[in-house]
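Peer 1: using only what follows, build the 3D model:
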Amino acid sequence: MPTARLPRQICGLPFGPKELVIVQEIIARGQEESIHRTEIARQVCEALNWRNTRGDLKQMGARVALLRLHRQEWIELPNARSRNGHGNREIQQKRLARAPVPESPSEDLMCTLAQLGTIRLHKVENKADSLLWDGLIERYHYLGHSPLSGAQARYLIHCEQGLVGAIGFGAAAFKLKARDQWIGWEPEQRERRREWILNNRRFLILPWIRVRNLASHILAKAAHQVQPDFLQQYGYAPVLLETFVEQDRFTGGCYRAANWIPVGQTAGRGRNDRTTLAEREQRGTPLPIKQVWLYPLRKNVRQYLYGEAVA
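Peer 2: Numbering: from 1, shown residues only. Coordinates of the predicted model:
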């Protein structure tokens, strides 16, 4: 018996019982042919036309979505061949334990931004960097590690004195009232152009590094770098960044200093929550209320997200 409601949207497209049957049929054929999860994801993308703006298959997003359906017992994927830990929390924990994460020094690093030296964002592109990024987030970020969804970009942050932290961008929220009202788009426009928005899902400065204005400086560098990196890897450049700041824990001051725009609050539901209003009124919201911040990466961002501007 499934443990959650069937998603209504996957990879930016409607998803329902009809699409679920197609996925199940592909898995059934795959069992006869002994194909692995990656190949199943590729075939599902082709069958359901899960493609990005450039026309490439959204295989990464599909793998995450299929794994979620598997864990919710809507489908049964074959056993994972790779031992990378994404399919098993225990294996993942063992993998993260091997990450070469720096230990907290005896004294905090306190200096000016200029004394820290040049800040560089190194894009994660190999297994060693990926393990380090995952380990840093697991060890030092209050939310811990979880795989980013969809098209994504992860960075290790360095300075002349060594490692500073990590930052990562992934797929935007399916629905976000404050963001959608700020843009002014309708559901059809959102479904068609949501992939042009990225969510800053993780941002970490190592806890012993205490440098004034460092966080806003990193955010500015990341906003400048993520567009060309996405264009090179995925064939398109995002036009808007979003993030959520847990208001009972943080003020969002570094986002404000980096010229991000506060546009409202979340409903406390999460990216894949399907609870009803009555359920939330009875039990409370599943997640803490968070501030919503946006950062436009181009001047005519609203017109672009409407589909009116193309240059």
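
Peer 1: what's near enough to touch Glu191?
Peer 2: Gln9, Gly12, Leu13, Pro14 (C-beta atoms under 8 Å, 6 or more residues apart in numbering). In this view, the C-beta of every residue, glycine as well, is placed from N, C-alpha and C.

Peer 1: most neighbours out of those residues, which is it?
Peer 2: When neighbours are counted by other C-beta atoms under 10 Å, Gly12 leads the contacts of Glu191 with 20 neighbours.

Peer 1: how about that one, phi and psi?
Peer 2: phi 80, psi 10 (degrees, to the nearest 10).

Peer 1: wait, doesn't it sit right on Glu195?
Peer 2: Yes: using C-beta atoms under 8 Å, Gly12 is in contact with Glu195, at 5.7 Å.

Peer 1: do a quick rundown of the strands in the stretch 101-250 of the chain.
Peer 2: 109-111, 120-123, 153-159, 162-171, 197-205, 209-211, 240-246 (DSSP state E, counting those that start in this stretch).

Peer 1: can you add mean pLDDT and give those strands back as JSON lines?
Peer 2: Converted to JSON lines, those look like this (pLDDT from 0 to 100):
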{"stretch": "strand 109-111", "mean pLDDT": "93"}
{"stretch": "strand 120-123", "mean pLDDT": "97"}
{"stretch": "strand 153-159", "mean pLDDT": "97"}
{"stretch": "strand 162-171", "mean pLDDT": "95"}
{"stretch": "strand 197-205", "mean pLDDT": "96"}
{"stretch": "strand 209-211", "mean pLDDT": "95"}
{"stretch": "strand 240-246", "mean pLDDT": "95"}
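
Peer 1: for Leu66, find the nearest of the ones you listed.
Peer 2: Smallest distance to Leu66 across the strands of the stretch 101-250 of the chain (C-beta to C-beta): 14.9 Å, for strand 162-171.

Peer 1: and the closest one, which strands flank it?
Peer 2: On the basis of DSSP bridges, the sheet neighbours of strand 162-171 come out as strand 153-159 (antiparallel), strand 197-205 (antiparallel).

Peer 1: could you give the number of residues near the nearest residue to Gly252 once chain neighbours are set aside?
Peer 2: Leaving aside its chain neighbours, Gly252 sits nearest to Val245 (4.2 Å; criterion: C-beta to C-beta, 6 or more residues apart in numbering). For Val245, the neighbour count with other C-beta under 10 Å is 22.

Peer 1: Val245 pairs with what?
Peer 2: Assigned bridge partners for Val245, using DSSP bridges, are Gln291.

Peer 1: that one reaches Gln291, doesn't it?
Peer 2: Yes: here Val245 lies in contact with Gln291, judged by C-beta under 8 Å, at a distance of 4.5 Å.
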